[in-house]
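Enquirer: What follows is a predicted protein model with its sequence.
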Amino acid sequence: MSSNEIINIIGIGARTTIGATAPLTASAVRAGINCFAEHPYMIDKIGEPMIVAMDNELSEELLGIERFLQLATPAAQEALTPLKQSNPNITLIIGLPPKRIGLPAHLATEIAQQLPNKIKCTFDQIKTIAGGHASALLAIEQAIQIIQQNPAQLCLIGGVDSYLQPETLEWLDYNQHLHSTANRYGFIPGEAAGFCLLASQQTVHQLSLKPLAQILAVASTQEKNCINTDTVCIGEGLSAAFSNVFQTLKPSNRQIEQIFCDLNGERYRADEYGFSVLRTREFFVDPGKFMAPADCWGDVGAATGALLINLITTAAAKGYAQGELSLLWASSESGERSAALLQAQPLIKE
């Protein structure tokens, strides 16, 4: 990869139920902390309180677009911190959940209009991607194209999601997604936001920035056998995404040392990963050793990709990473499958 093709991650921001910032979130995940608790008033279909991962700093009465904005604003601001002054050449790409019951009306339009004002930043271009779990990785694909066409451009990419709208929780329960006494293979609904600031090698040098990681490859495909259908998923979409990013490894015969993913307790996702690993086993040091932080922050939907990147960069910076080469992947309910390879150099030794 030439210097003109290198895309650097230069800023990270997070707001989760286990941490108000990126460092706090990563530390909580490393310690295995979660904030799962009974919802103040939502009851599942067998009459028990729903277990959720709720941001305790936000009132349960705060719903709709304002809740999404309260989550997204501090995460986006934190990711922009490395810029010492405003930069006119920034594109904002926001990942959002796909259409579902309980989702605020006109979410994409309102977020795109209001978030720049909230974070007090001007963007020359704003895009939204309603791609669910894979949104941030889909956004990275777009950002790479933008930066390679104009190396002076920066891209702020990320996602925000909240399953805690009452109608959404009822919908999850009805469709057997909600983890409960009656459904051990469901997931804990969560809420979060995560953002990453991306820049070319040229911009890194010009602005004297310190890269946290480099994106070696990213790929997205579509799974035709989606969850909640009568079809059987054998991991064809995710396998294709893996194979595409692994093309980068073939000349060097390197193997994946760290895996970060959005497995959330649903058997569909576990089976999908198992099939995909069987097809690509030679690229992994140990495919059974992976980090699935949904057991700490719950399922965070469209926020997933950027939050996984935070775990990778923090592990490298603090010196507890298992290696320099990391795979992260995410699977959306609507069929999008995305994977990315990151190279993170340790910056600090503990």
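Expert: Happy to help now that I have it. Computed from a predicted model, the values in this text were never measured in an experiment. Numbering: from 1, shown residues only.
Enquirer: For the closest residue to Glu336 other than its chain neighbours, which residues are in contact?
Expert: Of all residues not flanking Glu336 in the chain, Ala134 sits nearest, at 4.0 Å (CB to CB, 6 or more residues apart in numbering). All C-beta spots, glycine's among them, are computed from the backbone N, C-alpha and C. Shown in contact with Ala134 (CB atoms under 8 Å, 6 or more residues apart in numbering): Ser220, Gly305, Ala330, Ser331, Ser332, Glu336, Arg337, Ser338.
Enquirer: From what I see, Leu327 and Ser338 are in contact.
Expert: No. Using CB atoms under 8 Å, Leu327 makes no contact with Ser338, being 11.3 Å away.
Enquirer: before we move on, the earlier item: in strands, which of the contacts of Ala134 fall?
Expert: Among these, the members falling in strands (DSSP state E) are Ser220, Ala330, Ser331, Glu336, Arg337, Ser338.
Enquirer: Widest-spaced pair of those residues?
Expert: Ser220 and Ser331 (10.8 Å; CB to CB).
Enquirer: where do the contact lists of those two overlap?
Expert: Contacts common to Ser220 and Ser331, judged by CB under 8 Å, 6+ apart, are Ala134, Arg337.
Enquirer: which one of the two has more residues nearby?
Expert: Ser331 (32 against 22; other CB atoms under 10 Å).
Enquirer: Identify the bridge partners of that one.
Expert: Arg337 (DSSP bridges).
Enquirer: For it, report the pLDDT, please.
Expert: Here, the pLDDT recorded for Ser331 equals 96.
Enquirer: Assess the claim that it and Asp262 are in contact.
Expert: Yes. Contact criterion CB under 8 Å: Ser331 and Asp262 qualify, at 6.5 Å.
Enquirer: what's the overlap in contacts for these two?
Expert: His133, Arg269.
Enquirer: what's the spacing between the nearest residue to Ala270 once chain neighbours are set aside and Leu341?
Expert: Leaving aside its sequence neighbours, Ala270 sits nearest to Leu263 (CB to CB, 6+ apart; 6.1 Å). Look at Leu263 and Leu341: by CB to CB, to the nearest Å, they are 19 Å apart.
Enquirer: can you map out the helices along the chain?
Expert: 22-31, 64-79, 107-119, 135-149, 166-174, 201-206, 236-246, 267-280, 294-297, 304-318 (DSSP state H).
Enquirer: I would like the residues contacting the first one, please.
Expert: Judged by CB under 8 Å, 6+ apart, the contacts made with helix 22-31 from elsewhere in the structure are 12-14, 16, 18-19, 75, 78, 194, 291, 293, 296-297, 307, 310-311, 314-315, 320.
Enquirer: Please produce a PyMOL select command covering the buried subset of these.
Expert: Entered in PyMOL, the line below selects the buried ones among those, by 16 or more other CB atoms under 10 Å:
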select buried, resi 12+13+14+16+18+19+75+78+194+291+293+296+297+307+310+311+314+315
